[in-house]
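Colleague: Build me a structure from this.
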Amino acid sequence: ELESLQRIDLSCNNLRKLPHDCGFLHSVTQLALENNKFSKPDTILSLATMPNLVEVNLNYNGFSSIPRIPDGHFPKLEVLGVASNHIVYFEDVYALTQLGSLRRVVMWGNPIEKRQKDAEILFYEFGNLQVELIMDPPVPPKRKTGAFYAANTEQFIKVKDFRKVLSSKQKRQQQQTQQA
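Modeller: Residues are numbered from 1 along each chain as shown. The predicted model follows:
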């Protein structure tokens, strides 16, 4: 069965490590490992032994860097997701510039977003290699309900004391009842 397996989803399993050599998963092209507990560079080196891996999702883990990948590893990797990890500096992901097959890197939610110079270098280097760098999250961050209504409703009134609103509403209802 493993010989024909192309997609594996091991997301949300609290995994911390993988076998040293994952080359036995030679037919796997897509691998989802998001929301686990991976943080060590060995994990990425283990994945690099998978000869046909095209896409790997490592979002929401604990990586702070990508190690140098040995020549001949990740020969077909096109898409790498490392969003919401702990990547701070351009140097932490420089090794990715050596992967000739890479076409897209998803990196939103990492501290590097707040380091303008490092982010600029990242965009420049990946742009030169024609690698799409995605730093914007897929969904805008949540806004509080009040902010949403204020932005989308002309007659929105911000309420600080709900009891005052209730008492004024009750007074209006009493006045309407008396007038009727």
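
Colleague: And the helices in this structure, which stretches?
Modeller: Along the chain, the stretches classed as helices by DSSP state H are 41-47, 116-128, 145-152, 162-179.

Colleague: Distance-wise, check the residue nearest in space to the middle of the chain relative to Pro70.
Modeller: In the chain, the C-alpha nearest the mean C-alpha coordinate belongs to Ala83, at 2.9 Å (Cα atoms, centre = their mean). Look at Ala83 and Pro70: by Cβ to Cβ, to the nearest Å, they are 25 Å apart. Where C-beta positions appear, they are placed from N, C-alpha and C, glycine not excepted.

Colleague: that older thread, how about the residue nearest to the centre of the chain: what's its closest non-neighbour residue?
Modeller: Nearest non-adjacent residue to Ala83, counting by Cβ to Cβ, 6 or more residues apart in numbering: Asn59, 4.2 Å away.

Colleague: Compare the helices of the chain and say which comes out lowest on pLDDT.
Modeller: Among the helices of the chain, helix 145-152 carries the lowest mean pLDDT, at a mean of 54.

Colleague: for the residue nearest to Ala83, what are its contacts?
Modeller: The contact partners of Asn59, by Cβ atoms under 8 Å, 6 or more residues apart in numbering, come to Glu34, Asn35, Gly81, Val82, Ala83, Ser84, Asn85, Val106, Gly109.

Colleague: gap between Ile66 and Ala48?
Modeller: 10 Å.

Colleague: list the contacts for the nearest residue to Leu18 once chain neighbours are set aside?
Modeller: Closest residue to Leu18 apart from its sequence neighbours, by Cβ to Cβ, 6+ apart: Ser46 at 4.4 Å. By Cβ under 8 Å, 6+ apart, the contact set of Ser46 is Leu18, Pro19, His20, Asp21, Cys22.

Colleague: Let's have these in a markdown table, adding distance to Gly127, pLDDT and neighbour count.
Modeller: Formatted as a markdown table, those follow (distance: Cβ to Cβ, whole Å; pLDDT from 0 to 100; neighbours: other Cβ atoms under 10 Å):
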| residue | distance to Gly127 | pLDDT | neighbour count |
| --- | --- | --- | --- |
| Leu18 | 31 | 95 | 21 |
| Pro19 | 35 | 94 | 10 |
| His20 | 35 | 93 | 10 |
| Asp21 | 34 | 94 | 12 |
| Cys22 | 31 | 94 | 19 |
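
Colleague: State the pair within these that is farthest apart.
Modeller: Greatest spatial distance among the contacts of Ser46 (Cβ to Cβ): Leu18 and Asp21, at 9.3 Å.

Colleague: count of residues packed around the closest residue to Thr97 other than its chain neighbours?
Modeller: Leaving aside its sequence neighbours, Thr97 sits nearest to Glu125 (Cβ to Cβ, 6+ apart; 5.5 Å). When counting by other Cβ atoms under 10 Å, one arrives at 16 neighbours for Glu125.
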